[in-house]
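Asker: Predicted model and sequence follow; I will ask about them next.
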Amino acid sequence: MSQKNDKRGPDYNQLEEGTRQSKPILRQQGREIQPYGKIARLPIALDEKVCAASADNLNQLLADTMTLRDMYKKHHWQVAGHTFYQIHLLFDKHHNEQDELVDTIAERIQTLGAISLAMAADVAETTLIPRPPRGREELPVQLSRLLEAHEIILKEARTFARDASEAGDDGTNDLLVSQVIRTNELQVWFLAEHLVDVPVVHADKAKGASAGH
Ligand SMILES: [Fe+2]
């Protein structure tokens, strides 16, 4: 056995070398590899102009969907009243479904070779949905705000679906129709039924009686 192998403890020369190699390199800076708004074309048999137009529309939809998603979370936290528990859960369910749409839309934009919006400041500059106050509001106001946001999204999603169809971008058209439009329409139904003014405990006998005659 050599003297070298008998040595106990670390070899400090090797330790220093190993430390140097595994040390994270922090605060790095560099150029963007793709500027926002530019297409890095992928082999998906779609013209670059078609990809750019679809991505532009989808980024608007993405900003509005992110805003609606976040508004659901705001109202999930701030809701008050005797229906607190069911509304608290419903708002979170819708939030999660909108969050899935956000990822689907963003990844479609990347698939088109474009760059999807991501950060809150960029979303705030882009969205068409009116900004709610920071404070707490009554449930009917929360519901009205959400319904208005859904309608903005549905209107633009239908227009963008037609644009995509006419341009031959079937993938974008399918995403808009089968996922964005269907999900938003269903959520509108679930919200809107809460704004129908029906009696909670006593039936409205006067109206019922007159209808019977
Ligand atoms: Fe929660």
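Answerer: Alright, I've got the coordinates.

Asker: Can you show me the helices along this structure?
Answerer: Along the chain, counting by DSSP state H, helices occupy 3-6, 12-22, 48-78, 84-111, 120-126, 139-167, 170-174, 182-192, 205-212.

Asker: helices or strands up against the longest one?
Answerer: Read that as helix 48-78. helix 84-111, helix 120-126, helix 139-167, helix 170-174 (3 or more CB pairs under 8 Å, 6 or more residues apart in numbering; DSSP states H and E). Where C-beta positions appear, they are placed from N, C-alpha and C, glycine not excepted.

Asker: For the last one, give the mean pLDDT please.
Answerer: Here helix 170-174 scores 98 as its mean pLDDT.

Asker: Check which helices and strands that helix sits against.
Answerer: helix 48-78, helix 84-111, helix 139-167.

Asker: Off-centre distance for it?
Answerer: Here the centre of helix 170-174 is set off from its chain's centre by 18 Å, with CA atoms, centre = their mean, to the nearest Å.

Asker: What residues of that helix count as buried?
Answerer: 172-173 (16 or more other CB atoms under 10 Å).

Asker: what's next to that helix, contact-wise?
Answerer: Contact partners of helix 170-174, identified using CB atoms under 8 Å, 6 or more residues apart in numbering, comprise 44, 54, 57-58, 108, 111-112, 160-161, 164-165.

Asker: Please pick the buried ones from these.
Answerer: 54, 57-58, 108, 111-112, 160-161, 164.

Asker: Helix or strand with the lowest mean pLDDT in this protein?
Answerer: helix 3-6 (a mean of 54; mean pLDDT, DSSP states H and E).

Asker: mind putting the helices and strands packed on helix 48-78 in a markdown table, distance to Gln34 included?
Answerer: Compiled in a markdown table, these are given as follows (distance: least, CB to CB, whole Å):
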| stretch | distance to Gln34 |
| --- | --- |
| helix 84-111 | 10 |
| helix 120-126 | 15 |
| helix 139-167 | 22 |
| helix 170-174 | 20 |
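
Asker: among those, which is nearest Glu185?
Answerer: helix 139-167 (6.8 Å; CB to CB).

Asker: Distance from the chain centre to that closest one, please.
Answerer: Counting by CA atoms, centre = their mean, helix 139-167 is centred 13 Å from the centre of its parent chain.

Asker: For that helix, which residues meet the burial criterion?
Answerer: 139, 142-143, 145-147, 149-150, 152-153, 156-157, 160-161, 163-164, 167.

Asker: likewise stretch 81-97?
Answerer: Residues of stretch 81-97 classed as buried: 87, 90-91, 94-95, 97 (neighbour count, 16+ other CB under 10 Å).

Asker: Closest to Ala40 out of the residues you listed?
Answerer: Glu97 (30.1 Å).

Asker: need the helices of the chain in a markdown table with distance to Ile39, can you?
Answerer: Converted to a markdown table, the helices of the chain look like this (distance: least, CB to CB, whole Å):
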| stretch | distance to Ile39 |
| --- | --- |
| helix 3-6 | 60 |
| helix 12-22 | 38 |
| helix 48-78 | 5 |
| helix 84-111 | 10 |
| helix 120-126 | 18 |
| helix 139-167 | 14 |
| helix 170-174 | 14 |
| helix 182-192 | 27 |
| helix 205-212 | 60 |
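
Asker: Out of the ones you listed, which is closest to Pro35?
Answerer: With CB to CB as the criterion, Pro35 lies closest to helix 48-78 of the helices of the chain, at 12.8 Å.
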